[in-house]
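Undergrad: Here is a sequence together with a model predicted from it:
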Amino acid sequence: MIKRPTYQNMVQRIGRASLLAAFFLPAVAQAATSEWVTSTGGMIRIVAAPLNKDGTIPASLEIKLNPGWKTYWREPGASGIPPQITLDPAEGIVLEKIGFPVPKTFDDGTVRYIGYDKSVSFPLTLKRVSGEGDVNIRASVFLGICEDICIPVQGELDLTLKHGDFDNPLDAARIEGAVAALPEAPADDFAVTTAVYDVQTSTVRLSLRLPPDTATDHRDLFLAGPSGVSFGKPVIATTRGAELEAEIPVRLSTKDNTLEGKPVILTVRAGARAMETTLAFD
């Protein structure tokens, strides 16, 4: 005998089906990623999170590299193009800061440059300085990627953060991951102890305190200065346990021939940890 479903059973089944349908439907999410811009060797896009109460907008510039391709750090070395981002001022959004994960040094004996050989995300701090309602981000991005030679890449990236919509947690996780990959601030066990610029030899001499548990064969230094200031290959002069001394050649194309008053960003890798600080020379 076939048992016919009662009205109550049918209602329960419809209710369960409705719940399943609602579960598997895509959530209403904020449009927080631009379209990918594709070029030879890779793709670029911008990811953004909702506007904070102070007007800041967490974001990141994502670079997806094809195998064998590289892109550049803030100071690319003898050749290369660092990432540059220009925002449309008509949208009332400004770029306050761009962060850089710890890079690598590439040296084939002829050309030395600094960058990344894997896909990378640069955290961005954007800020709304005017306007209300939806946030429109229109960015012109210019950077270099290379395989055997450097290729300039330019892309126009647009996205809109809809006011009142739900945030997409995957986009927030991408931005948080980019921030987590940044070097840490100086600490008691990881800091610069002395920094001197020798005008006669055009050399920066550094002494650093490193974490005691870092391997001596995984230490590297990277320096970046303002326009007109560049640096040669760091020479680690002395390593004693948790201490390191290094000398870095300086090239100045400015008329005053000094580092006085010019901020220099130092990034240090020591084992699995990395630290970044700004040096000031008197």
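TA: Here it is on my side, so go on. Values in this document were obtained by computation on a predicted structure and should not be read as measured data. Residues are numbered from 1 along each chain as shown.
Undergrad: use CA for all of it now, contacts and neighbours both
TA: Will do.
Undergrad: and the residue positioned nearest the centre of the chain, what are its bridge partners?
TA: Residue closest to the average C-alpha location in the chain (C-alpha atoms, centre = their mean): Phe122, at 1.9 Å. Applying DSSP bridges to Phe122 yields these beta-bridge partners: Leu61.
Undergrad: who touches it in this structure?
TA: Ser60, Leu61, Glu62, Ile98, Gly99, Phe100, Pro101, Ala178, Val179 (C-alpha atoms under 8 Å, 6 or more residues apart in numbering).
Undergrad: what does Gly55 give?
TA: Lys127, Arg128, Val129.
Undergrad: Out of those, which end up buried?
TA: Lys127, Arg128 (16 or more other C-alpha atoms under 10 Å).
Undergrad: of all the contacts of Gly55, which comes closest to Asn257?
TA: Lys127 (35.7 Å; C-alpha to C-alpha).
Undergrad: next helix or strand past the host helix or strand of the closest one?
TA: When secondary structure is defined by DSSP states H and E, Lys127 falls within strand 120-128. Sequence-wise, the next helix or strand downstream of strand 120-128 (DSSP H and E) is strand 135-146.
Undergrad: Strands of the stretch 151-282 of the chain, start to end?
TA: 191-198, 203-209, 219-224, 229-231, 235-240, 243-252, 264-270, 273-279 (DSSP state E, counting those that start in this stretch).
Undergrad: what does the stretch 1-150 of the chain give?
TA: Under DSSP E, counting those that start in this stretch, the stretch 1-150 of the chain gives strands at 37-39, 42-48, 56-65, 70-77, 84-87, 93-98, 104-107, 112-116, 120-128, 135-146, 150-161.
Undergrad: rank these by pLDDT, which is bottom?
TA: Lowest mean pLDDT within the strands of the stretch 1-150 of the chain: strand 104-107, at a mean of 89.
Undergrad: Pull the number of nearby residues for the closest residue to Val199 other than its chain neighbours.
TA: Using C-alpha to C-alpha, 6 or more residues apart in numbering and skipping residues adjacent in sequence, the residue nearest Val199 is Thr258, 6.9 Å away. As a burial measure, Thr258 scores 19 neighbours (other C-alpha atoms under 10 Å).
Undergrad: For Thr258, give its distance to Leu279.
TA: The gap separating Thr258 from Leu279 is 14 Å, by C-alpha to C-alpha, to the nearest Å.
Undergrad: Same list, the strands of the stretch 151-282 of the chain, but as a markdown table with distance to Trp73, mean neighbour count and mean pLDDT please.
TA: Shown next, in a markdown table, are the strands of the stretch 151-282 of the chain (distance: least, C-alpha to C-alpha, whole Å; neighbours: other C-alpha atoms under 10 Å; pLDDT from 0 to 100):
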| stretch | distance to Trp73 | mean neighbour count | mean pLDDT |
| --- | --- | --- | --- |
| strand 191-198 | 22 | 17 | 95 |
| strand 203-209 | 20 | 19 | 95 |
| strand 219-224 | 9 | 21 | 93 |
| strand 229-231 | 13 | 19 | 91 |
| strand 235-240 | 20 | 13 | 78 |
| strand 243-252 | 18 | 19 | 92 |
| strand 264-270 | 11 | 20 | 95 |
| strand 273-279 | 14 | 19 | 96 |
